[in-house]
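A.B. asks: pasting the structure only:
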């Protein structure tokens, strides 16, 4: 039957490609970077790249393998799914990591490839593929969170350009971004149909960015103010009024990357909870975690994680077969958030006071990270469509339940 | 839904159609009223036999189709949706025990009769009301097995028992030394106390075989639970779209929508866990025990939730015997307790994972 073994079966024509990848990695991936994945910190903020890191980013950018599925014509890798799997396997084998990332790769690029005109694609896609331009997302506003279509930032028609005024919030990485893809209002007379998808230059006059301090002590988000910002009309993606369609398409890319998108590995990174508990709490004479209540909650969490991993695998297999899109994908965001948060809560509970350290001496690096991870994790059930919004989506779109009259 | 091959898709569709048309919940209701001694409708079982279903985990050389456990699960899920009463799960698990541990002679003697549906087989493991394979007193002296087994599913009609004794698993066939006492339970299905008094027994394997066979029986039960949970949920969802209060379908109230969305989420996880266990068995993986404990714990919790909510969301009508909700919650609790409840399997999962 067509399950995992078939996915894992070696395919002969790929052998040549595998050899090519292996040779290229041997020639281009600096051994000093093996296992030192900085891709996340690169995403989170500007990092001074070491010469080796810069060389690796340049090499991958030139090759297009940082965005392996994108067309070669725009600087992508032009690889098919089977080749991408080989690339990932060979990179993992070599201890190599992808230095090309960010919102341009995860969300904006795929959307522009679908909706952008030729000039826009030529201008923006290769720069993303090379990791040269950092994009941020101008969606949420103070009064447009879960009710995103209520955006009020206004782009006034001024002939060959727009004049943009308004405020965006939760702009991830806004303080480091070069450019912004934004939902703006071009028509005040209709809600969804009055929204347009516009590209803004974050260095333009009239753009002001203020980082927001979060409970985790980090400031990955900003408030972004636009005051009489002049934006050329060439920066409109699609038609005026098509912004809601384009913007929600982009959110599908966002949700698939937020929910793990088939890669459960990041969710399950780190020690198994049972092992962590034994380290901090010891064991009883039968080799069990001594706090029986905690032990049972660890089991519940580990089972939840495992059932989720099986669901990710099942959804991927279903998508690969011709059964059509899997209904299971609608639960991924909520379950992913729940598992992330439960894991963090359990970890700090296991560690006791040591799991609540803020900074300085007396705590291990893991312990200090755990505090921040726990607090930051509270955002997971809020951003990218809150748990409540996801439940609305499940009940209305999957279960066919109706709106209240 | 796991990815199926053509044969499996045909099998599932065939059984789904039969279940919906020939064995809807009203058929179970009739069976309950008629109260046959077997605890199921023998004519319906004969039809399942004609469809080849009792031989689904039995090799072709012994008259089966050798489709395996995922396929058995597909069938049990479809039967479970409409609460079809049949000895299929018990018979299949017992057949697996004979297949895994029996001599060639035993296999040749029993498997073809089981595959045709002529003989019902079952497992007789527990000796008390709570599943505990470590608490077994049944013993065998000179090929004669003695002991008392509690709540043996299909104990009323089984012609072959696969019995756990202190030193392993045995096959007891026929009525010599066997006494059955029916236990009438809330789910209206067959459960019996079975006393073996120096019954002739043939050894199938040691205690490790007992554990492996229980895992397979448990996975089969999980598949029935999956079908029940799916149908209980769908029936409830349909009802919410029909019932009008305050001038609105109940289905339009967000408080109810979110409860349904939450249940749907748990159902998807349950499906993955149950299918994962069935696939692990077919693949002969080394962690079948963990996969099964995961499936049974998740299945028990989820079916518990859905069967409770089925009554609550139906309101008063869900409490009436004329409505089907009671059938689901009664069968749900029996299957939750069978082969270890969620707590049993969480404990086992922790132990298997070394904490």
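C.D. replies: Happy to help now that I have it. Remember, it's a predicted structure, so these values are computed and weren't measured experimentally.

A.B. asks: quick one: what helix or strand has residue A:169 in it?
C.D. replies: strand A:161-172 (DSSP states H and E).

A.B. asks: elements contacting that strand?
C.D. replies: strand A:135-138, strand A:154-157, strand A:179-185, strand A:195-201, strand A:207-212, strand A:221-232 (3 or more Cβ pairs under 8 Å, 6 or more residues apart in numbering or on different chains; DSSP states H and E). (C-beta placed from N, C-alpha, C; glycine too.)

A.B. asks: Pull out the buried positions in that strand.
C.D. replies: Going by neighbour count (16 or more other Cβ atoms under 10 Å in any protein chain shown), the buried part of strand A:161-172 is A:161-172.

A.B. asks: can you check stretch B:334-344 too?
C.D. replies: For stretch B:334-344, burial by neighbour count (16+ other Cβ under 10 Å) applies to B:334-342, B:344.

A.B. asks: could you dump the helices and strands packed on strand A:161-172 to JSON lines with mean pLDDT and distance to chain B?
C.D. replies: Output for these, formatted as JSON lines (pLDDT from 0 to 100; distance: least, Cβ to the nearest Cβ, whole Å):
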{"stretch": "strand A:135-138", "mean pLDDT": "95", "distance to chain B": "26"}
{"stretch": "strand A:154-157", "mean pLDDT": "98", "distance to chain B": "32"}
{"stretch": "strand A:179-185", "mean pLDDT": "98", "distance to chain B": "25"}
{"stretch": "strand A:195-201", "mean pLDDT": "98", "distance to chain B": "25"}
{"stretch": "strand A:207-212", "mean pLDDT": "96", "distance to chain B": "29"}
{"stretch": "strand A:221-232", "mean pLDDT": "97", "distance to chain B": "27"}
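
A.B. asks: In CSV: these, plus mean neighbour count.
C.D. replies: Converted to CSV, the helices and strands packed on strand A:161-172 look like this (neighbours: other Cβ atoms under 10 Å in any protein chain shown):
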stretch, mean neighbour count
strand A:135-138, 26
strand A:154-157, 18
strand A:179-185, 25
strand A:195-201, 24
strand A:207-212, 16
strand A:221-232, 18
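
A.B. asks: Closest to the centroid, which residue in chain B?
C.D. replies: Taking Cα atoms, centre = their mean, the centroid of chain B lies closest to residue B:221, which sits 2.9 Å from it.

A.B. asks: residues in contact with that one?
C.D. replies: B:89, B:296, B:335, B:338-339 (Cβ atoms under 8 Å, 6 or more residues apart in numbering or on different chains).

A.B. asks: So for residue B:22, what pLDDT did the model give?
C.D. replies: pLDDT, residue B:22: 96.

A.B. asks: returning to that earlier point: got the angle for the strand holding residue A:169 vs strand A:195-201?
C.D. replies: Note on geometry: by axes from the mean of the first three to the mean of the last three Cα atoms, to 10 degrees, strand A:161-172 and strand A:195-201 are set 80 degrees apart in direction.

A.B. asks: For strand A:161-172, what is the distance to the chain centroid?
C.D. replies: For strand A:161-172, the distance from its own C-alpha centre to the chain's C-alpha centre is 22 Å (Cα atoms, centre = their mean, to the nearest Å).

A.B. asks: strands paired with that strand, and their directions?
C.D. replies: Paired with strand A:161-172 in the same sheet, following DSSP bridges, are strand A:154-157 (antiparallel), strand A:221-232 (antiparallel).

A.B. asks: how about the nearest residue to whichever residue of chain B sits closest to chain A, chain neighbours excluded?
C.D. replies: Ranked by Cβ to the nearest Cβ, the top residue of chain B for proximity to chain A is residue B:355, at 3.0 Å. Leaving aside its sequence neighbours, residue B:355 sits nearest to residue A:274 (Cβ to Cβ, 6 or more residues apart in numbering or on different chains; 3.0 Å).

A.B. asks: Just list the residues touching residue A:307, thanks.
C.D. replies: Taking Cβ under 8 Å, 6+ apart as the test, what residue A:307 contacts is B:269-270, B:272-273, B:276, B:294, B:298.

A.B. asks: same question, residue B:179
C.D. replies: Residues near residue B:179 by Cβ under 8 Å, 6+ apart: B:194-195, B:197.

A.B. asks: May I see the buried residues of the helix or strand hosting it?
C.D. replies: In this assignment (DSSP H and E), residue B:179 forms part of strand B:178-182. By neighbour count on 16+ other Cβ under 10 Å, the buried set for strand B:178-182 is B:178, B:180.

A.B. asks: Could you check the pLDDT of residue 174?
C.D. replies: Unless you meant another one, I'm taking chain A. pLDDT recorded at residue A:174 is 92.

A.B. asks: Hmm, no, I was thinking of chain B.
C.D. replies: pLDDT, residue B:174: 87.

A.B. asks: next one: the one 5 residues further on
C.D. replies: Here, the pLDDT recorded for residue B:179 equals 98.

A.B. asks: and it, bridged to which residues?
C.D. replies: Assessed by DSSP bridges, residue B:179 has beta-bridge partners residue B:195.

A.B. asks: how close does it get to residue B:193?
C.D. replies: As judged by Cβ to Cβ, to the nearest Å, residue B:179 and residue B:193 stand 9 Å apart.

A.B. asks: cool, and residue B:305?
C.D. replies: 31 Å.

A.B. asks: what does residue A:360 give?
C.D. replies: For residue A:360, the distance to residue B:193 (Cβ to Cβ) stands at 67 Å.

A.B. asks: Was I right to think residue A:314 contacts residue B:272?
C.D. replies: Yes: at 5.0 Å, residue A:314 counts as touching residue B:272 under the criterion of Cβ atoms under 8 Å.

A.B. asks: what does the model give the residue of the stretch 51-200 of chain A found nearest chain B for pLDDT?
C.D. replies: Residue of the stretch 51-200 of chain A nearest chain B, by Cβ to the nearest Cβ: residue A:146 (12.8 Å). At residue A:146, the pLDDT value in this model is 85.

A.B. asks: Quick one: residues contacting it.
C.D. replies: Residue A:146 neighbours (Cβ under 8 Å, 6+ apart): A:385-386, A:388-389.

A.B. asks: what about the chain, any weak spots by pLDDT?
C.D. replies: With no chain named, the answer covers chain A. Along chain A, segments meeting pLDDT under 70 span A:1-12, A:38-47, A:255-269, A:322-325.

A.B. asks: right idea, wrong chain: chain B
C.D. replies: Those would be none, if you go by pLDDT under 70 across chain B.

A.B. asks: Which parts of it are strands?
C.D. replies: With DSSP state E as the criterion, chain B has strands at B:121-124, B:139-141, B:144-153, B:160-165, B:168-173, B:178-182, B:191-200, B:202-205, B:244-245, B:248-249.

A.B. asks: for the first one, packing partners?
C.D. replies: So that's strand B:121-124. If you count contacts as 3+ Cβ pairs under 8 Å, 6+ apart, strand B:121-124 packs onto helix B:88-101, strand B:144-153, strand B:160-165, helix B:207-242.

A.B. asks: Mind checking the ones you listed for the one nearest to residue A:305?
C.D. replies: Among the helices and strands packed on strand B:121-124, helix B:207-242 comes nearest to residue A:305, with 18.8 Å by Cβ to Cβ.

A.B. asks: what about that closest one, distance to the chain center?
C.D. replies: For helix B:207-242, the separation from the chain centroid amounts to 7 Å (computed by Cα atoms, centre = their mean).

A.B. asks: same check, this time on stretch B:239-258
C.D. replies: Worked out by Cα atoms, centre = their mean, stretch B:239-258 lies 34 Å from the chain centre.

A.B. asks: Residue B:259 versus residue B:250, what's the distance?
C.D. replies: 11 Å.

A.B. asks: Equivalent analysis for residue B:173, please.
C.D. replies: Residue B:173 is 49 Å from residue B:259, by Cβ to Cβ.
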